[in-house]
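Undergrad: Pasting the sequence and the predicted model now:
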Amino acid sequence: DTAVSQTPKYLVTQMGNDKSIKCEQNLGHDTMYWYKQDSKKFLKIMFSYNNKELIINETVPNRFSPKSPDKAHLNLHINSLELGDSAVYFCASSGTALTGELFFGEGSRLTVL
Amino acid sequence: SQQGEEDPQALSIQEGENATMNCSYKTSINNLQWYRQNSGRGLVHLILIRSNEREKHSGRLRVTLDTSKKSSSLLITASRAADTASYFCATDAVGGANNLFFGTGTRLTVIP
């Protein structure tokens, strides 16, 4: 069974569109994250949710909105996509909000044309 | 920022050789972690070392931590072609948000 799964794996879209990426974890973890990895492999945290509550909101544009219907799911919705949003987005989870080991999904590669 | 920096950016070695990667960071930490990322895949946790530890082993991996120099090293002994991947260090920040900061990674290529 996949521990952290995210869909879709690939997403190609036009500028200005709205898209969503879904993430689910079956590890029973309380904390979930979204990370963005750019073309230089730099990985930066975007959001963190602990038991459905937002606990970190790094300086990302408000076009990005995370939604957590329950502690096993953390979805990422992006409005008005821009060229600079092209990246690989990783969902991750951990059993504690105190920076324990992270379990990552396989990533969703977003390409904005 | 707390971002870690790995060194070298890329490393190419022959199978059977040892590979050493270094990580430097900027502020005090609670712990430091190393992750591996195969091409096109997610990151996989390798090892965690706490700020009060100086060395840790896991199989062919050896991690050291020098908090006075704010640096860590990852040694992979007797490398295999399957070790080819990017390796990232990740640090938290004492007193900061419960957050991990990753560097840009070392790309390791092990030649069969």
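TA: Looks like it came in fine.
Undergrad: Where does pLDDT dip in chain A?
TA: In the predicted model, chain A carries pLDDT under 70 at residues A:1, A:96-99.
Undergrad: For chain B, what lies in contact range of chain A?
TA: Remark: the part of chain B in contact with chain A comprises B:30-31, B:33, B:35, B:37, B:40-45, B:48, B:86, B:88, B:90, B:92, B:97-105, B:107, using C-beta under 8 Å from any C-beta of the partner chain. Placement of C-beta: from N, CA and C, glycine included.
Undergrad: is it fair to say residue B:82 lies in a helix?
TA: Yes: counting by DSSP: H, G, I helix; E, B strand; the rest coil, residue B:82 is found in a helix.
Undergrad: partner residues bridging residue A:70?
TA: For residue A:70, the beta-bridge partners are residue A:73 (DSSP bridges).
Undergrad: what's around it, how many residues?
TA: Here the neighbour count serves as a burial measure; for residue A:70 (other C-beta atoms under 10 Å in any protein chain shown) it reads 9.
Undergrad: what does residue B:86 give?
TA: Taking other C-beta under 10 Å as the criterion, the count of residues near residue B:86 is 21.
Undergrad: Not counting residues beside it along the chain, what's closest to residue B:35?
TA: Taking C-beta to C-beta, 6 or more residues apart in numbering or on different chains, and ignoring the residues beside it in sequence, residue B:35 has residue B:43 as its nearest neighbour in space, at 4.2 Å.
Undergrad: quick one, what contacts that neighbour?
TA: Contacts of residue B:43 were listed using C-beta atoms under 8 Å, 6 or more residues apart in numbering or on different chains, and they are A:43, A:90, A:92, A:102, A:104, B:35, B:36, B:37, B:88.
Undergrad: ok so, going back, out of the residues of chain B next to chain A, which are inside strands?
TA: When those are checked against strands using DSSP state E, the ones located there are B:31, B:33, B:35, B:37, B:43-45, B:48, B:86, B:88, B:90, B:101-102, B:107.
Undergrad: Which one of those residues is nearest to residue B:66?
TA: Looking at these and their distance to residue B:66, the nearest is residue B:31, at 14.1 Å (C-beta to C-beta).
Undergrad: In this structure the closest one contacts residue B:45, no?
TA: No: applying C-beta atoms under 8 Å, one finds residue B:31 not in contact with residue B:45, separated by 11.9 Å.
Undergrad: Mind pulling up the pLDDT for the closest residue to residue A:106 other than its chain neighbours?
TA: Across the structure, with C-beta to C-beta, 6+ apart as the measure, the residue nearest residue A:106 apart from its sequence neighbours is residue B:42 (4.8 Å). Looking at residue B:42, its pLDDT reads 95.
Undergrad: quick one: contacts for residue B:42?
TA: Remark: with contacts taken as C-beta under 8 Å, 6+ apart, residue B:42 is in contact with A:4, A:90, A:92, A:104, A:105, A:106, A:107.
Undergrad: so the residue nearest to the spatial centre of chain A bridges to which residues?
TA: With the centre of chain A defined as its mean C-alpha position, the nearest residue by C-alpha atoms, centre = their mean is residue A:34, 3.0 Å away. Beta-bridge pairing of residue A:34, defined through DSSP bridges, involves residue A:47, residue A:91.
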